[in-house]
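Enquirer: Here's my sequence, what's the structure:
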Amino acid sequence: METVGIIPARYGSSRLPGKPLMDINGKPMIQHVYERARKAENLQKIWVATDSMEILRACEKRQIPVILTKDTHRCAAHRLGEAAEQIKADFYVQINGDEPLISWENIAAAVPERFPDEAEFGTNIIMPVTSPQEVLDSSNIKVVFDSSYKALYMSRTPIPCPFGTLDCIYYKHVGIIGYSRQMLDFYKNSSPGQLERTEGIDTLRFLDYGKPLYLIPVAKGESLSVDTLKDLEEVRKRSKNRELS
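Expert: Numbering: from 1, shown residues only. Alright, predicted model coming up:
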């Protein structure tokens with residue numbers, strides 16, 4: 001099976017425009033993400049998919065495979081769908097372009113060891129939630145699943161509700177999502193369903209239409225989504241400490 005990783009990189013972030021090109025200890029953020037993703041040996045190729053000529057030129061200068069996409073995509077899955085029209089593969093892993101500390105082990109984990117029989121399916125990395133604050137934070141997407149780790153639901157609110165017992169572990173989804181080629185095609189040609197519109201979670205498209213989403217638990221993975229200048233400074237500090245250790 002041909003598997004590729006795609007890093008969506010949008011220039012026009014509302015809170016931090018141009019962040020894929022912001023410097024982190026001598027390298028643009030997008031280069032850090034690419035170099036970490038490249039360590040995932042079960043991905044045959046890593047591409048950047050961007051709507052920006054500036055990001056395109058920066059990648060070409062550093063010999064990072066890159067493809068130019070439209071600037072009208074509402075979400076990363078749509079950008080992947082357009083990129084997949086030119087980058088032929090059986091399975092695609094979406095890698096966040098604003099997480100320069102992303103774990104390459106977790107990226108690799110998104111590729112299933114065996115591909116299910118369903119043509120349209122996806123995978124999603126999840127990890128335990130370690131604090132009550134994380135459970136209550138609506139930016140952390142909580143997930144519940146059956147005994148085979150097939151997703152039942154995901155929500156911004158704490159699920160499951162500890163009504164019968166307090167003995168439960170909460171899990172949150174990590175933004176590393178795998179799509180079969182057929183699932184990307186379906187995503188491109190479908191509209192958001194009721195659950196996706198209500199929760200504002202793109203991945204609920206799978207459950208709205210009864211498509212299987214297999215959750216893959218990992219123990220941990222240091223990462224930080226860069227959404228503000230404060231996040232950027234924290235990433236610079238952590239990245240520098242790694243280099244010195």
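Enquirer: so how far is the longest helix anywhere in the chain from its chain's centroid?
Expert: Identified as the longest helix of the chain according to DSSP state H is helix 229-244. Here helix 229-244 is found 21 Å from its chain centre; the criterion is CA atoms, centre = their mean, to the nearest Å.
Enquirer: Outside of that helix itself, list whatever touches it.
Expert: Applying CB atoms under 8 Å, 6 or more residues apart in numbering, the external contacts of helix 229-244 come out as 16, 19, 22, 24-25, 29, 32, 100-101, 222, 224-226. The C-beta positions use only the backbone N, C-alpha and C, and glycine is treated the same way.
Enquirer: So for it, what gets flagged as buried?
Expert: For helix 229-244, a neighbour-count test (16 or more other CB atoms under 10 Å) marks 231-232, 235-236, 239 as buried.
Enquirer: what bits of the chain have low per-residue confidence?
Expert: Low-confidence segments of the chain (pLDDT under 70): 221-222, 243-245.
Enquirer: hmm, what's the outermost residue in it?
Expert: Most distant from the centre of the chain: Gly164, at 33.2 Å, with distances by CA atoms, centre = their mean.
Enquirer: Pull up the gap between it and Ala119, please.
Expert: 38 Å (CB to CB, to the nearest Å).
Enquirer: again, but for Ser148
Expert: Separation of Ser148 from Ala119 (CB to CB) stands at 19 Å.
Enquirer: try Ile87
Expert: 19 Å.
Enquirer: neighbour count winner among those two?
Expert: Shown here are Ile87 and Ala119; by other CB atoms under 10 Å, Ile87 has more neighbours (17 against 13).
Enquirer: Contact partners for Val48?
Expert: Contacts of Val48 (CB under 8 Å, 6+ apart): 6-7, 9, 30, 34, 55, 59, 64-67, 97.
Enquirer: Any chance of a PyMOL selection covering the buried ones in those residues?
Expert: Selection of buried members from those for PyMOL, criterion 16+ other CB under 10 Å:
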select buried, resi 6+7+9+30+34+55+59+64+65+66+67+97
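Enquirer: Tabulate the contacts of Val48 (CSV), appending distance to Asn124.
Expert: Compiled in CSV, the contacts of Val48 are given as follows (distance: CB to CB, whole Å):
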residue, distance to Asn124
Ile6, 15
Ile7, 17
Ala9, 21
Ile30, 23
Tyr34, 22
Ile55, 26
Cys59, 26
Ile64, 25
Pro65, 24
Val66, 25
Ile67, 24
Gly97, 18
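Enquirer: any idea which of the contacts of Val48 is closest to Ser131?
Expert: Distances from Ser131 to the contacts of Val48, taken as CB to CB, are shortest for Gly97 (26.7 Å).
Enquirer: thought the closest one was touching Ile30?
Expert: Yes - using CB atoms under 8 Å as the test, Gly97 is close enough to Ile30 to be in contact (5.9 Å).
Enquirer: Name the residues contacting each of those two.
Expert: 7, 9, 20, 48.
Enquirer: any chance you could map the helices in this structure?
Expert: Counting by DSSP H, the helices of the chain are 29-37, 53-61, 76-84, 104-109, 132-136, 181-189, 194-199, 205-208, 229-244.
Enquirer: buried set for the first one?
Expert: Across helix 29-37, burial judged by 16+ other CB under 10 Å covers 29-34, 36-37.
Enquirer: What is the distance between that helix and the centre of its chain?
Expert: How far helix 29-37 lies from its chain's middle: 14 Å, per CA atoms, centre = their mean.
Enquirer: Now the two most distant members of the contacts of helix 229-244.
Expert: That would be Leu16 and Glu222, which, of those, are the farthest apart (CB to CB) at 20.3 Å.
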